[in-house]
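Colleague: Fold the following.
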Amino acid sequence: RKQNELRGKVTSAMTYPAMLMIVGCLVAIFLIVVIVPMFETFFNRLERSGVGLPLVTIILLAISEVLTRFGLIILVGIAASVLAIRQWLSSETGSYVLDAVKLRLPIAGPIFHESAISRFCRVLGTLLRNGVPILRSLEISSASAGNKLLEKAIQDSAENISAGNLLSQPLADSELVPDQVMAMIKVAEESNTLDEVLVKISDRMDKKIERRLDMMVRLIEPIMLLTIGAVVMFVIAGALLPVVDLNSAIE
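Modeller: The predicted structure follows:
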């Protein structure tokens, strides 16, 4: 239930930025593919008359020509690349690389990281509270973490416990679990209250994730708006600067 609630919050939080990105891309493609070619004859006449085109206009015309001539090929290439990447990411190596990249993303990385730790702590704490042996609990909770790097660290911890050592040492060596969480886990092991502490850690991290999600959405929305505005201004500038230069030449 907790995981579904968090997933729903992530989906709802990213809906508006995703819509902005889709609409922005469609508007940019429409302007470049449909509107810009309408000015091409005018631009050619300017070049023949000796009035040079600004660099922005030259770049805009080049992009428009490429998309007009090879747009379908580019679309097919992108679709094929996406399918190939998805196929590779479904492999063991691909999923490991993807999880490593997700943890290093500038804004979303901490959310992915803390979500994986929260899932691990909640599942492990719940299993231990209900009397499941710790080795079996670690096996189940490692798979529920949703991150290959953290899963590997948890499995190493299980091997460490089988050798008669503590859970906290391999987790600390992996450097995937925050120091504060590791300190709480270590104290909980010594006081034999690991099940209760793990659930409390998960509750606290879920609240922290919600705050991070809210901050991420607040950052993404203006970034998307600025990006869309920059693309539109680029197209408008490329179309209007030759007119301004022509007026200056006439004067």
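Colleague: pLDDT of stretch 156-169, averaged?
Modeller: If you average the pLDDT over stretch 156-169, you get 72.
Colleague: what do you get for stretch 96-108?
Modeller: Mean per-residue pLDDT for stretch 96-108: 85.
Colleague: Relative to the whole chain's centre, how far out is it?
Modeller: Centroid separation for stretch 96-108 versus its chain: 8 Å, with C-alpha atoms, centre = their mean, to the nearest Å.
Colleague: Can I get it in CSV, CA atoms only?
Modeller: What follows is stretch 96-108, C-alpha atoms only, in CSV (Å, rounded to 0.1, in the frame of the first residue of the first chain):
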residue,chain,number,x,y,z
TYR,A,96,22.5,-2.7,-13.2
VAL,A,97,23.8,0.2,-15.2
LEU,A,98,20.4,1.9,-15.2
ASP,A,99,20.1,1.6,-11.4
ALA,A,100,23.6,3.1,-11.1
VAL,A,101,22.7,6.0,-13.3
LYS,A,102,19.4,6.6,-11.5
LEU,A,103,21.2,7.1,-8.2
ARG,A,104,23.4,9.8,-9.8
LEU,A,105,20.7,11.9,-11.4
PRO,A,106,20.8,15.6,-10.2
ILE,A,107,17.3,16.0,-8.9
ALA,A,108,15.6,12.6,-9.1
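Colleague: which parts of that stretch are buried?
Modeller: Within stretch 96-108, the residues that count as buried by 16 or more other C-beta atoms under 10 Å are 96, 98, 99, 102, 103, 108. In short, each C-beta sits where N, CA and C put it, glycine included.
Colleague: any idea which of those is the one closest to residue 126?
Modeller: Among the buried residues of stretch 96-108, residue 99 lies closest to residue 126 (C-beta to C-beta), at 23.2 Å.
Colleague: What about residue 114, how many residues nearby?
Modeller: 18 (other C-beta atoms under 10 Å).
Colleague: mind listing the helices for the protein?
Modeller: For the chain, applying DSSP state H gives helices covering 2-30, 40-48, 55-89, 92-103, 109-129, 134-144, 148-162, 168-174, 179-191, 194-250.
Colleague: out of those, deepest packed?
Modeller: helix 109-129 (a mean of 21; mean count of other C-beta atoms under 10 Å).
Colleague: Just give the nearest non-adjacent residue to residue 125, would you?
Modeller: Counting by C-beta to C-beta, 6 or more residues apart in numbering, residue 125 lies nearest to residue 198, which is 3.0 Å off, once chain neighbours are set aside.
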